[in-house]
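Undergrad: I would like the atomic coordinates for the input below:
(one chain, ligands or ions: 2)
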Amino acid sequence: MSNTGFFLSFEGIDGAGKSSHLDALAAALRQAGHTVTLTREPGGTPLAEQLRHLLLHHAMDAHTEALLAFAARRNHVCQVIAPALARGEVVISDRFSDATFAYQGAGRGLDWDLLLQLERLTLAGFGLNPDFVLKPDLTLWFDLPAAVAAQRLASARLPDRFEAQPAPFFAAVAGGYARRCAEDAPRFARIEADAPRPAVWQQVLAAVQSRGWLKEGA
Ligand SMILES: Nc1ncnc2c1ncn2[C@@H]1O[C@H](COP(=O)(O)OP(=O)(O)O)[C@@H](O)[C@H]1O
Ligand SMILES: Cc1cn([C@H]2C[C@H](O)[C@@H](COP(=O)(O)OP(=O)(O)O)O2)c(=O)[nH]c1=O
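TA: Numbers count the residues shown, from 1 in each chain. Ligands and ions are numbered 1, 2, ... in the order given. Predicted coordinates:
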């Protein structure tokens, strides 16, 4: 799929600073002539947004969380992501499958191999090769110590069900992102998010420029 459009995801624990840069990156890519779909997970379609609401506001076990997250993802990929990539467009998603590994796997303790099976079940079959499992071409992983993220969020907004979790939960989630990155390093750009916003933005730009999707000086 990457030989048509390209697919970027933003990941990191809550409060890592992703949202501050999503719109700016979409604008920079549009300025460079790309058609960009900016979307989010869980969500991105009417059905998936309903599943998002359930996931964020109703108590449930980790297995149910993962099934809802992957059901929402399947609908999102079928209706939005795969068609946009096939048209040769750019998709930027605020979170994708890595979040399920980090939150439901590392955070909530769901078995990693089970998640790999769910990922394959949900996301194989979108390429010419039946074994191809759809993943972003580049994942910008905003890496920030859990304590710093908690400080940022304390003054920022009312927490949802995940944001209300204690600091050790987010340390575990961060460990889940580190594991996904170690297992597929070429796909990831690690952003040192414990830096002033302009310095974080420079890292975001550099990661996208290094793939040739934006020219330097953009
Ligand atoms: N580099 C930064 N330094 C300090 N505060 C930041 C920085 N980036 C974002 N913030 C603040 O931290 C909070 C969380 O940022 P946000 O972009 O919403 O994170 P996320 O989308 O990853 O959950 C917001 O109040 C935001 O203004
Ligand atoms: C995509 C996904 C998100 N989540 C969680 C992570 C976040 O706490 C929450 C929503 O993510 P996010 O959109 O980043 O929240 P916000 O816009 O409030 O910053 O859902 C999962 O637990 N599993 C998943 O598969």
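Undergrad: contacts, neighbours, all on C-alpha from now
TA: Noted.
Undergrad: Just give me the neighbour total for the closest residue to A32 other than its chain neighbours.
TA: Leaving out its chain neighbours, the residue that sits closest to A32 by Cα to Cα, 6 or more residues apart in numbering is L214, at 6.8 Å. Residues within reach of L214, counting by other Cα atoms under 10 Å, total 19.
Undergrad: Check whether L214 sits in a helix, strand or coil.
TA: coil (DSSP: H, G, I helix; E, B strand; the rest coil).
Undergrad: Dump the C-alpha coordinates for the least confident helix or strand in the chain by mean pLDDT into CSV.
TA: The helix or strand of the chain with the lowest confidence, counting by mean pLDDT, DSSP states H and E, is helix 146-154 at a mean of 91. In CSV, the C-alpha atoms belonging to helix 146-154 read as follows (Å, rounded to 0.1, in the frame of the first residue of the first chain):
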residue,chain,number,x,y,z
ALA,A,146,4.8,9.4,32.6
ALA,A,147,5.4,11.9,35.4
VAL,A,148,5.9,14.8,33.0
ALA,A,149,2.8,13.8,31.0
ALA,A,150,0.7,13.7,34.2
GLN,A,151,1.9,17.2,35.2
ARG,A,152,0.9,18.5,31.7
LEU,A,153,-2.5,16.9,31.9
ALA,A,154,-3.3,18.0,35.4
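Undergrad: is that helix up against ligand 1 anywhere?
TA: Yes: using Cα under 6 Å from any ligand atom, helix 146-154 reaches ligand 1 at R152, L153.
Undergrad: Which residues does that helix contact?
TA: For helix 146-154, the surrounding residues in contact (Cα atoms under 8 Å, 6 or more residues apart in numbering) are I13, D14, G15, A16, A167, P168, F170, A171, A174, D194.
Undergrad: what ranges do the helices span in this structure?
TA: When secondary structure is read from DSSP state H, the chain shows helices at 19-31, 46-57, 62-76, 82-86, 97-100, 112-123, 146-154, 167-183, 197-210.
Undergrad: partner residues bridging the closest residue to D23 other than its chain neighbours?
TA: In space, not counting the residues next to it along the chain, D23 is nearest to L38; the distance is 7.9 Å by Cα to Cα, 6+ apart. Per DSSP bridges, the residues bridged to L38 are I92.
Undergrad: and L38, what is it in contact with?
TA: Residues near L38 by Cα under 8 Å, 6+ apart: L22, D23, A26, V91, I92, S93, D94.
Undergrad: burial count for the closest residue to A99 other than its chain neighbours?
TA: The shortest distance from A99 to any residue that is not its chain neighbour, by Cα to Cα, 6+ apart, is 6.9 Å, and that residue is E11. Neighbour count of E11, defined by other Cα under 10 Å: 27.
Undergrad: Residues of this protein that sit close to ligand 1?
TA: Those residues of the chain that sit near ligand 1, judged by Cα under 6 Å from any ligand atom, are 14-20, 152-153, 156, 195-197.
Undergrad: so where's this structure uncertain?
TA: In the predicted model, the chain carries pLDDT under 70 at residues 1-4, 218.
Undergrad: what residue lies at the spatial centre of it?
TA: The chain has R95 as the residue nearest its centroid, 2.0 Å off, counting by Cα atoms, centre = their mean.
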